[in-house]
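predicted coordinates and the sequence they were generated for:
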Amino acid sequence: MIDIILLTLLLALIQIVLLPLLLRANNFAYLLSNRDGPYEPTAVLARVQRAAGNLQESLPAFLVMAVIALVQSIDLTLVASVWLALRAAYFASYALGFIGIRTLIWMGALVCLVYMALALAGLVAV
């Protein structure tokens, strides 16, 4: 489970910090400025930023449940791995502009979070 948590944090680093930085690299002067004025992102950068915002909404719940699972010795490695894979697929589908499949992927990741919560509450078998 620790590996999944670390990979999740790597995904967050890439999605929230590194990729947006790379997509702004063509505007180096803005990156070095005080950023007092607005920055008009490209369509891809705007999608990446929205996907990052979505990850930031679900990441705390995932991390808390993953740590609780570790502390309580509940093996949620498989469902956590599926959640991570779905979040990576969600990010890719959002960045590439795939509309229909993106929502299905998001719903799958949400189901993983709900399952993790139910498993930690002892309401479903692990």
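All right, it came through fine.

what's the longest helix in the chain?
In the chain, with assignment by DSSP state H, the single longest helix is helix 43-71.

so which bits of that helix are buried?
45, 47-49, 51-52, 54-55, 58-59, 62, 65-66, 69 (16 or more other C-beta atoms under 10 Å). Any C-beta I mention is one placed from the backbone N, CA and C, and that applies to glycine too.

who are the packing partners of it?
Secondary-structure packing of helix 43-71 (3 or more C-beta pairs under 8 Å, 6 or more residues apart in numbering; DSSP states H and E): helix 2-12, helix 19-23, helix 77-95, helix 100-120.

residue at max distance from the center of this structure?
For the chain, the largest distance from the centre (C-alpha atoms, centre = their mean) belongs to residue 29, which lies 28.8 Å off.

list the contacts of stretch 106-114.
54, 58, 61, 62, 65, 79, 80, 82, 83, 86, 87, 90 (C-beta atoms under 8 Å, 6 or more residues apart in numbering).

just stretch 55-63 next, same as before
Here stretch 55-63 has contacts from 5, 8, 11-12, 15-16, 80, 83, 87, 91, 109-110, 113, 116, using C-beta under 8 Å, 6+ apart.
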